[in-house]
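Visitor: Task: produce atomic coordinates for the following.
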Amino acid sequence: MRATRFISVAAVLALATATGCDGAHKGEASSPVPAGLASFYGQKPSWKDCGGGFECATVQVPLDYSKPSGEKVGISVVRLPAEDKSARIGSLLTNPGGPGGSGVDFIKQSASGFGDELRRRFDIVGFDPRGVAASDPLRCNTGPQLDEFFATDASPDDQKETSTLGGESKAFAERCKTKAGSELPHVGTADAARDMDVLRAALGDSKLTYYGASYGTYLGASYAEQFPKNIRAFVLDGAVDPKLSSTELLIEQAKGFETALRAFADDCVKSGGCPFGTTADAVINKIASFLAATDKKPLSNTRDSRKVTESLAVMGIARALYVKQYWPVLRQSLIRAMEKSDGTYLLALADEMVERKANGSYSNQTDANMAVNCVDKPNPPNLATYGKAAAEAKKVAPRFGPFVVWGGLPCVYWPVQTKQEPKPVTAKGAAPIVVIGTIRDPATPYKWAQSLAGQLSSGVLLTFDGDGHTAYLQGNSCITKATDDYLTTTKPPKDGTTCR
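Guide: Prediction:
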């Protein structure tokens, strides 16, 4: 979806209590400190109280790992100290997704949602990856420029609309080259994963315990491939498939949103009195007709002077599909939009999706998200080639395909390109890694979790037969217990376990 490919929803939900026992730092020794990086690995963070029981610090890492004596990046870190110091196992490092999501904000908002036993025995730790939020944030666009980018028709019907979209995407890339050119080669996932190993050492852990959601699974998989001996216990929730190309990922993600839309439609019909139709097909057709009408005549809104275009409406729908608890909000948003041509509620959802504030400013999520995605994998060489991928997406995901795929178009014009083709991640020699997949996940399709668990030499698949994006913070007692027991004891659930 427009520059928010894998962003996770950090919903704070009540979780059941998990139990477990020790399993801290057993087994084979961790990898030695990489050459030239001893000063980084030997850091002792200066923790300071930052309110609400949290402690904050900054850890230094090299901008360019091939030049460790050169420019440095400050990684912002937060922790909620373990409640029982006598039973403390170590740190649980986390990442909520994105790329571009603030891990510091995630922990401040959601630390209480982690299981009781985890909070008792671990320091719950979040960090802003390089280029994100408080970690030397990368910024390319102003608020008005992002307003224009997101409102642009991302489902072009003719050459004129395609050219307009291409122009907006090219301008996005050129602004990043001008404002952040020296940073762009070094914001990719591989470098962020290396930062995680520095954090592991700075936190005082011989091996890493980690929970990653959404894009955080891709970051975790990159870490596992680079540092397999340094893993104590890893949970990858809402998995991204590392072996897919950039456009394959987007096409599959679009199909995931189609699956989630049908689940929403089924739920609407089963709940009775669905205002959009008496069958799931009728509901979906009603929504499709509404979007087609919005493409021709954008909706008004009462928040500001913006028109709610088809692209913004689709973004609002997608945001609500991330979390099942938002489905009643989506229902009311669509009623208001269809009956009164008022897109206020859909626009509010879209703004939440891309972290737009009421004053018209944005967090740097969008800029960072694009920068990471564009350098992580090779991109199509030109607009025409990219258009073929969008056309393919429309065939298999009629409602979401064009919007999701065209959202990555700035990468075609990106000033930094990689030739490193994606490949499976095996993490040979790693301790068991638990991969969680949600069957009707809109943003990270279930098949990705199956694929990643199969690629990893020590992968264990845990399935949540449910809706929404990621599973752990949804409050399912089965998922909570299986996850907390594993992170506490290092004993994984049986491969293929399904929770309902």
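Visitor: Dihedrals phi and psi, the residue nearest to residue 228 when sequence neighbours are not counted?
Guide: The shortest distance from residue 228 to any non-neighbouring residue, by CB to CB, 6 or more residues apart in numbering, is to residue 430 (3.9 Å). All C-beta atoms are positioned from the backbone trio N, CA, C, and that covers glycine. Torsion angles at residue 430 (phi, psi; degrees, to the nearest 10) stand at phi -80, psi 150.
Visitor: Enumerate every residue touching residue 430.
Guide: If you count contacts by CB atoms under 8 Å, 6 or more residues apart in numbering, residue 430 has them with 224, 228-229, 231, 234, 456-458.
Visitor: okay, it: pLDDT?
Guide: pLDDT, residue 430: 98.
Visitor: about what we covered before: show me which of the contacts of residue 430 are buried.
Guide: Listed as buried from the contacts of residue 430 are 224, 228, 231, 234, 456, 458; burial here means 16 or more other CB atoms under 10 Å.
Visitor: Look up how far residue 93 lies from residue 220.
Guide: 9 Å (CB to CB, to the nearest Å).
Visitor: burial of residue 55, as a residue count?
Guide: By the other CB atoms under 10 Å criterion, the neighbourhood of residue 55 contains 18 residues.
Visitor: Show me the buried ones among the contacts of residue 430 that map onto strands.
Guide: Mapping the buried ones among the contacts of residue 430 onto strands (DSSP state E) picks out 231, 234.
Visitor: Please state the offset of stretch 382-401 from the chain centre?
Guide: Counting by CA atoms, centre = their mean, to the nearest Å, stretch 382-401 is centred 22 Å from the centre of its parent chain.
Visitor: Show me the contact partners of that stretch.
Guide: Residues outside stretch 382-401 that contact it (CB under 8 Å, 6+ apart): 1, 155, 162, 166, 247, 250-251, 254-255, 257-258, 261, 284, 287-288, 291, 314, 318, 379-380, 402, 404-406, 409, 412.
Visitor: next one: stretch 337-347 to chain centre, how far?
Guide: 27 Å.
Visitor: Pull up the distance across it, start to finish.
Guide: In stretch 337-347, first residue to last residue: 10 Å (CA to CA, to the nearest Å).
Visitor: on that earlier part again, got any residues that touch both of residue 220 and residue 93?
Guide: With CB under 8 Å, 6+ apart, residue 220 and residue 93 have common neighbours residue 210.
Visitor: ok, these two, which is more surrounded?
Guide: Neighbours per residue (other CB under 10 Å) separate residue 220 from residue 93, with residue 220 holding more: 33 against 28.
Visitor: who's in contact with the more buried one?
Guide: Residue 220 neighbours (CB under 8 Å, 6+ apart): 95, 193, 210, 212, 234, 236.
Visitor: Next, work out how far apart the second one and residue 63 are.
Guide: Right, residue 193. Look at residue 193 and residue 63: by CB to CB, they are 15 Å apart.
Visitor: and if you look at the fifth one?
Guide: Relative to residue 63, residue 234 is positioned 26 Å away (criterion: CB to CB).
Visitor: Could you list the low-pLDDT ranges of the protein?
Guide: For the chain, the stretches with pLDDT under 70 are 1-28.
Visitor: Tell me where it has strands.
Guide: 48-49, 55-62, 72-80, 90-95, 122-127, 208-213, 231-237, 433-440, 459-467, 497-499.
Visitor: Residue 29: which of those is closest?
Guide: Counting by CB to CB, residue 29 lies closest to strand 231-237 out of the strands of the chain; the figure is 12.1 Å.
Visitor: strands paired with the closest one, and their directions?
Guide: strand 208-213 (parallel), strand 433-440 (parallel) (DSSP bridges).
Visitor: which of those is buried the deepest?
Guide: Mean neighbour count (mean count of other CB atoms under 10 Å) peaks for strand 208-213 among the strands paired with strand 231-237, with a mean of 28.
Visitor: now the angle between strand 122-127 and that one, please.
Guide: 60 degrees (axes from the mean of the first three to the mean of the last three CA atoms, to 10 degrees).
Visitor: Where is the longest helix in the protein?
Guide: In the chain, with assignment by DSSP state H, the single longest helix is helix 246-271.
Visitor: Buried ones in it, by neighbour count?
Guide: By neighbour count on 16+ other CB under 10 Å, the buried set for helix 246-271 is 246-247, 249-269.
Visitor: Which elements pack onto that helix?
Guide: helix 280-296, helix 310-321, helix 327-340, helix 383-396, helix 401-406, strand 433-440 (3 or more CB pairs under 8 Å, 6 or more residues apart in numbering; DSSP states H and E).
Visitor: Can you tell me which of these is nearest to residue 366?
Guide: The nearest among the helices and strands packed on helix 246-271, by CB to CB, is helix 310-321 at 11.6 Å.
Visitor: now the closest one, how far from the centre of its chain.
Guide: 17 Å.
Visitor: Max pairwise distance over the contacts of residue 220: which two?
Guide: Pairwise over these, using CB to CB, the maximum falls at 193 and 236, 12.8 Å.
Visitor: quick one: which of these two has more around it?
Guide: residue 236 (29 against 20).
Visitor: Pretty sure the more buried one sits against residue 219.
Guide: No: contact criterion CB atoms under 8 Å: residue 236 and residue 219 do not qualify, at 9.3 Å.
Visitor: Determine the residues that are contacts of both of those two.
Guide: In contact with both residue 236 and residue 219: residue 212, using CB under 8 Å, 6+ apart.
Visitor: rewinding a little: the inter-axis angle of the longest helix of the chain versus strand 459-467?
Guide: Helix 246-271 and strand 459-467 meet at an angle of 40 degrees, taking the same axes, to 10 degrees as the criterion.
Visitor: any idea how far residue 85 lies from residue 234?
Guide: Remark: distance between residue 85 and residue 234 (CB to CB) = 25 Å.
Visitor: Could you do residue 397 as well?
Guide: Distance of residue 397 to residue 234, given as CB to CB: 31 Å.
Visitor: Kindly report the same for residue 433.
Guide: Remark: distance between residue 433 and residue 234 (CB to CB) = 4 Å.
Visitor: now do residue 113
Guide: Look at residue 113 and residue 234: by CB to CB, they are 19 Å apart.
Visitor: quick one, helices of the stretch 1-150 of the chain?
Guide: In the stretch 1-150 of the chain, the segments counted as helices under DSSP state H, counting those that start in this stretch are 38-41, 103-110, 116-121, 143-151.
Visitor: Turn the ones you listed into a markdown table, including distance to residue 128 and mean neighbour count.
Guide: Output for the helices of the stretch 1-150 of the chain, formatted as a markdown table (distance: least, CB to CB, whole Å; neighbours: other CB atoms under 10 Å):
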| stretch | distance to residue 128 | mean neighbour count |
| --- | --- | --- |
| helix 38-41 | 17 | 15 |
| helix 103-110 | 5 | 22 |
| helix 116-121 | 21 | 21 |
| helix 143-151 | 20 | 18 |
